[in-house]
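> sequence and computational prediction follow.
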Amino acid sequence: MAITKETVKYVANLARIELKPQELEKMSGQLKDILGFIDKLGKVDIKNISPTSHILPINNVLRNDHPQESLSADKALENAPHREGNFFVVPKVIE
(Lines give C-alpha, C1' and ligand atoms only; values in the text may rest on other atoms or scores of the structure.)
Protein backbone atom coordinates (compact mmCIF):
# COMPACT_ATOMS: atom_id res chain seq x y z
CA MET A 1 0.00 0.00 0.00
CA ALA A 2 1.42 3.35 -1.02
CA ILE A 3 1.36 6.13 1.54
CA THR A 4 1.35 9.63 0.10
CA LYS A 5 1.55 12.98 1.83
CA GLU A 6 -2.10 13.51 0.93
CA THR A 7 -3.06 10.28 2.73
CA VAL A 8 -1.13 11.30 5.83
CA LYS A 9 -2.67 14.79 5.71
CA TYR A 10 -6.15 13.27 5.38
CA VAL A 11 -5.63 10.88 8.33
CA ALA A 12 -4.13 13.69 10.42
CA ASN A 13 -7.22 15.77 9.68
CA LEU A 14 -9.49 12.90 10.76
CA ALA A 15 -7.48 12.56 13.99
CA ARG A 16 -7.57 16.33 14.46
CA ILE A 17 -3.76 16.50 14.43
CA GLU A 18 -2.10 19.53 12.90
CA LEU A 19 1.10 18.59 11.11
CA LYS A 20 3.69 21.10 9.92
CA PRO A 21 5.14 20.52 6.43
CA GLN A 22 8.39 19.01 7.78
CA GLU A 23 6.37 16.76 10.15
CA LEU A 24 4.19 15.68 7.23
CA GLU A 25 7.28 14.76 5.22
CA LYS A 26 8.82 12.82 8.11
CA MET A 27 5.56 11.04 9.01
CA SER A 28 4.86 9.91 5.46
CA GLY A 29 8.41 8.52 5.17
CA GLN A 30 8.11 6.67 8.46
CA LEU A 31 4.74 5.19 7.52
CA LYS A 32 6.14 4.03 4.15
CA ASP A 33 8.98 2.27 6.01
CA ILE A 34 6.58 0.62 8.46
CA LEU A 35 4.24 -0.63 5.75
CA GLY A 36 7.23 -1.82 3.69
CA PHE A 37 8.41 -3.89 6.66
CA ILE A 38 4.91 -5.35 7.11
CA ASP A 39 4.91 -6.32 3.42
CA LYS A 40 8.24 -8.12 3.96
CA LEU A 41 6.77 -10.01 6.91
CA GLY A 42 3.83 -11.06 4.75
CA LYS A 43 6.22 -12.73 2.30
CA VAL A 44 8.00 -14.86 4.93
CA ASP A 45 7.41 -18.63 4.64
CA ILE A 46 5.89 -19.77 7.97
CA LYS A 47 4.47 -23.13 6.92
CA ASN A 48 6.74 -25.13 9.25
CA ILE A 49 6.52 -22.79 12.23
CA SER A 50 4.07 -23.66 14.98
CA PRO A 51 1.88 -20.87 16.38
CA THR A 52 3.09 -19.29 19.60
CA SER A 53 1.84 -16.58 21.89
CA HIS A 54 5.36 -15.56 22.93
CA ILE A 55 8.77 -16.09 21.39
CA LEU A 56 10.36 -17.06 24.71
CA PRO A 57 9.40 -20.12 26.80
CA ILE A 58 7.78 -18.16 29.64
CA ASN A 59 5.41 -19.70 32.16
CA ASN A 60 3.40 -17.88 34.80
CA VAL A 61 4.60 -18.36 38.33
CA LEU A 62 1.53 -18.82 40.46
CA ARG A 63 1.27 -19.38 44.18
CA ASN A 64 -1.02 -21.98 45.68
CA ASP A 65 -4.42 -20.62 46.56
CA HIS A 66 -5.26 -21.46 50.15
CA PRO A 67 -8.69 -20.40 51.45
CA GLN A 68 -8.55 -18.22 54.54
CA GLU A 69 -10.86 -16.04 56.54
CA SER A 70 -11.52 -12.64 54.99
CA LEU A 71 -11.72 -9.26 56.71
CA SER A 72 -14.85 -8.39 58.60
CA ALA A 73 -16.80 -5.35 57.38
CA ASP A 74 -15.79 -3.38 60.49
CA LYS A 75 -12.09 -4.17 59.98
CA ALA A 76 -12.25 -3.27 56.26
CA LEU A 77 -14.02 0.03 56.99
CA GLU A 78 -12.16 1.08 60.12
CA ASN A 79 -10.01 3.69 58.27
CA ALA A 80 -12.71 4.88 55.88
CA PRO A 81 -13.21 8.65 56.03
CA HIS A 82 -16.98 8.20 55.67
CA ARG A 83 -19.12 5.13 55.98
CA GLU A 84 -22.77 4.29 56.16
CA GLY A 85 -23.54 0.90 57.66
CA ASN A 86 -21.25 -1.62 55.95
CA PHE A 87 -20.51 0.61 52.95
CA PHE A 88 -17.95 3.26 51.96
CA VAL A 89 -19.48 6.70 51.32
CA VAL A 90 -17.86 8.50 48.40
CA PRO A 91 -18.59 11.84 46.73
CA LYS A 92 -20.93 11.83 43.76
CA VAL A 93 -18.92 11.87 40.52
CA ILE A 94 -21.75 12.02 37.96
CA GLU A 95 -23.93 15.08 37.90
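Received it, and whenever you're ready, just let me know what you need. As the structure is a computational prediction, the values presented were derived from the model and not from experiment.
> could you pull out the strands in this protein for me?
Secondary structure of the chain (DSSP state E): strands at 83-84, 87-88.
> closest to residue 55 out of the ones you listed?
strand 87-88 (44.1 Å; Cβ to Cβ). (C-beta placed from N, C-alpha, C; glycine too.)
> give me the pLDDT value at the residue of the chain positioned farthest from its centre.
Distance from the centre of the chain peaks at residue 85, with 38.4 Å (Cα atoms, centre = their mean). What the model reports for residue 85 is a pLDDT of 92.
> use 56 as the first number from now on
Right, with 56 as the first residue, what we last looked at is residue 140.
> ok so, going back, okay, the strands of the chain in a markdown table with distance to residue 72 and mean neighbour count next?
Shown next, in a markdown table, are these (distance: least, Cβ to Cβ, whole Å; neighbours: other Cβ atoms under 10 Å):
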| stretch | distance to residue 72 | mean neighbour count |
| --- | --- | --- |
| strand 138-139 | 46 | 12 |
| strand 142-143 | 41 | 11 |
